Structure formats: structure tokens, C-alpha cells
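1. sequence and predicted structure, then a few things I'm wondering about:
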Amino acid sequence: MSGAGDEAMFCGQCGLTLAEPRHEGCALRATLEPPRYCTFCGRRMIVQVTPTGWWARCSRHGDLTSAGSATSDLELDDEALG
Amino acid sequence: MTDILDTARQQVLEEGRGLDERQLREVLTLPDDRLADLLQVAHEVRMRWCGPEVEVEGIVSVKTGGCPEDCHFCSQSGQFQSPVRAAWLDIPSLVKAAVETAATGATEFCIVAAVRGPDARLMKQVREGVAAIREAVDINVACSLGMLTQEQVDELAEIGVHRYNHNLETARSYFPDVVTTHTWEERWETLTMVRDAGMEVCCGGIIGMGETIEQRAEFAAQLGELGPDEVPMNFLNPRPGTPFGDLPVMDSKDALRTIAAFRLALPRTILRFAGGREITLGDLGTEQGLLGGINAVIVGNYLTTLGRPATSDLDLLDELSMPVKALSATL
Ligand code: SF4
Ligand SMILES: [Zn+2]
Ligand SMILES: [Zn+2]
């Protein structure tokens, strides 16, 4: 879960900061790729894709789902967090 | 010389015998202005030997990433700098995915793991997962867990896994350029054990990995020799960080020619659209493929990438008057 005051600073597709140019390709890619990087801290996330959606976890900022909402009760196995 | 499409009409459409490697080379080198005719023949072959139904499947990764193998196209290999991190899906989430898949009308649900072969922990997860899915929803369960021992084959058959996926990936002659950590022959061995244990065999590969046209024909002919119940066709979706990450996306006309060639090599098989079709073929090419030999789709998302929404494919099948195969029917 993102804490109060956190702002998206990183590209979820390539992990670089949004201040850098050249994210057009990333925006396009986002229709066929789940995010791989946390937009708040740029860490690589654990991502699970299912036939009808996806969810992603940042060890610092919590979980994100394809439904658009952040949630804290996802069922990712803890070992996956390593 | 007889025109290859006339030969295909006689040999494949009328007699149900797949084209051989030399004939497939001719098909794969047909000029663009023959492509529509080629797709038409492939479609007629599919309608004649398989019928209008389309088999719909959903797939899910139960163990993602961190694979010790080095398949050069794969974002889940632990040997490359890929953004994909290891993940493990628990059973309630697996069952939920199966239920959601069934709700789309799909009759197949395939549990996939990024491994060389299953260890005891994965076999336990699959055993419990399959049992839990069967409790919850009526859907055929397939598995794709890499190379198997005879014991594992027997166990999967025993717990009711009805089909096993293990792709040969590419032509035997090109395989060493794609994978170095195991051989094509080892893969073939697993497929033979799966068949002998009475499970359906699902075996396909990825087109557009730098193989030649001749090797595409070789691969189709080798699949013809194997005679799988299902052939999933993927088109390379170059993954960042993998050795094939900078290869170009395949030309859509070549992709369509390959679909038709595979149908002419395998008149009775379930020929499934799998990964990479969105970027290779787009919406128009998807429709052309379904009218050019394809009779099965993976709906929704793939293992690590997203697909078209299930409803887009289901609406398209409706438009094309291709009924979704029901659970009790067999193609
Ligand atoms: S065995 Fe499967 S998961 Fe592992 S690298 Fe090869 S394709 Fe990827
Ligand atoms: Zn970016
Ligand atoms: Zn974060």
C-alpha cells in the first residue's frame, strides 16, 4: 500500500524514472504487459498473471491489482517474496 | 509440376493425409498473392476433419520465474536479466483462476510451472490443486511441468490430468540454437511417456525465433510424426533481457502462411492460437488465422503477459459462427 505523500515517480514497465524521456513504448506495452516495477520506488515487483487479471507486490509499497485498486489481502505465497 | 494447393486439396482435404516436409516447404514459400487461397484450403481442411467448434482454454502459472533452463526466448529463465521475479501461486488462487476461466466458457485449464521438471513440492501442489479444482468447477485440467519421470507421468495420469503440454519448441535441427541445457530428444522422451500413459499429448512451439523456412517445414513435419492431440502455436514475443530479446516480431503474412502449413501437416489436430498473436497478427490477423486453420484459442492472459480480453475472442467466434466446444464433446 502506498503511504500518504507517495507519488508515482517510476515507470511500471521499464523501471526508470518518469523524469527520463522515452516512455512512449512503455505506455504502448502496458496494454499487453502487467507492470513489473513499483511506480513509487522503482523496485522490481512480484507479479502473478491469471487468465482474467494480474496482481503485483512491492515489498515496500504493497499490492496492486488489474482491477486498479491496491489491496492488502492477496494470497501470494510468502516464499515468493524472497 | 502439380500446384501444391491442388495437391493439398487431394491429399489432405480428400484423403486426410498431412503434407510432408518437402511439400510444406512449397507451402511456406508460396507468394503473397496465393496466401488467401492457401488460407482457404487450410480452413476447408480444418472444417472437414475437425468441424467448426473451437476449443477454448485458459492457462495459469503456478510457479513463475527462476527456471534453471536457458530457453533463449523465455523471460522465466533464471539465467537471464529479465524483469520477471519468482512467484508461487497458492491453491485458493489457483482454484479461483480455474473458476474464472470456466466462467468464460473455456473447457480447458492448464496449470504451468517454470521448471526443468517437477520436484516433490510442485507435485504436491499440483496433486492438491487438481483435486481442489475438481471439487470447485467442471473443467478439464491439463498440466505443463517440464520433463517428467515415468513415476510422475503415472501420477499425473492417475489424478486425472487429461492432457499434458510439453513443447518441442522448434525444429530438431534448430533446437541447439534455442536451448543448451537440455535436448530435443529429452523432450521427445517425455512426450512418448505421456502418450503411453494414456494422457492426451499437447506439443507445439514458437515460430519466428530465427529459424529458416526450411526449419519451419521440418518442425511441422516432425510434429506430424509425433501426431499430438493439440499443437499450440506461439509467435515470438521478444522478451527484454533474453538472448532473443532483440529479434524482430515476425511478419504477419509469414505467420499466417505458417498457420496454414501446420494445418496442412496436421489435418486432425487441435491447432491453438497461443502467445504472441496479438503483436504478430493483431485483430485482423487473429480473424484470418481462425479462417486459415486455427481451431482453438487461449483466452485472456498468458503466463507473464496479457492477452486480448476473453470477450473479444468470444465475440469474434460468435461472428464467425464458430461454436465454443462444449465440455462433453471431443473434437
Ligand atoms: S524450461 Fe520452460 S520456463 Fe524454463 S526456461 Fe525453458 S521455457 Fe522457460
Ligand atoms: Zn518506461
Ligand atoms: Zn515500491
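-> Cool, got the structure. Ligands and ions are numbered 1, 2, ... in the order given.
2. how many neighbours does B:C143 have?
-> Neighbourhood size, B:C143 [other C-beta atoms under 10 Å in any protein chain shown]: 28. To be clear about C-beta, it is placed using only N, CA and C from the backbone, and glycine gets the same treatment.
3. with B:F175 instead?
-> 22.
4. wait, doesn't it sit right on B:N167?
-> No: between B:F175 and B:N167 there is no contact under C-beta atoms under 8 Å: 10.9 Å.
5. and the strands in chain A?
-> A:46-50, A:53-58, A:62-65, A:70-71 (DSSP state E).
6. compare these and give me the one nearest B:V41.
-> Comparing the strands of chain A by their distance to B:V41 (C-beta to C-beta), the top pick is strand A:46-50, with 36.3 Å.
7. neighbouring strands - and their directions - for that closest one?
-> strand A:53-58 (antiparallel) (DSSP bridges).
8. got the CA coordinates for the partner strand in PDB?
-> Coordinates of each C-alpha in strand A:53-58 appear next as PDB, following Å, rounded to 0.1, in the frame of the first residue of the first chain:
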ATOM      1  CA  GLY A  53      -6.200 -10.400 -14.400                       C
ATOM      2  CA  TRP A  54      -3.000  -9.800 -12.600                       C
ATOM      3  CA  TRP A  55      -1.600  -8.700  -9.300                       C
ATOM      4  CA  ALA A  56       1.700  -7.300  -8.300                       C
ATOM      5  CA  ARG A  57       3.500  -6.800  -5.000                       C
ATOM      6  CA  CYS A  58       6.200  -4.300  -3.900                       C
END
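9. what sits up against it?
-> Here strand A:53-58 makes contact (C-beta atoms under 8 Å, 6 or more residues apart in numbering or on different chains) with A:34-36, A:38, A:40-41, A:43, A:45-48, A:63-67, A:71, A:74, A:76, A:81, B:301, B:306.
10. contacts with ligand 3 among those, please.
-> A:38, A:40-41, A:43 (C-beta under 5 Å from the ion).
11. backbone dihedrals for B:L89, please?
-> phi -90, psi 130 (degrees, to the nearest 10).
12. find the nearest non-adjacent residue to it, please.
-> B:V62 (4.7 Å; C-beta to C-beta, 6 or more residues apart in numbering or on different chains).
13. phi, psi of residue 59?
-> Chain wasn't specified; assuming chain A. According to degrees, to the nearest 10, A:S59 has phi -60, psi -20.
14. actually chain B
-> phi -130, psi 150.
15. report the contact partners of the nearest residue in space to it that is not next to it in sequence.
-> Closest residue to B:I59 apart from its sequence neighbours, by C-beta to C-beta, 6+ apart: B:C110 at 4.4 Å. Applying C-beta under 8 Å, 6+ apart, we find B:C110 in contact with B:57-60, B:141-144, B:163, B:165.
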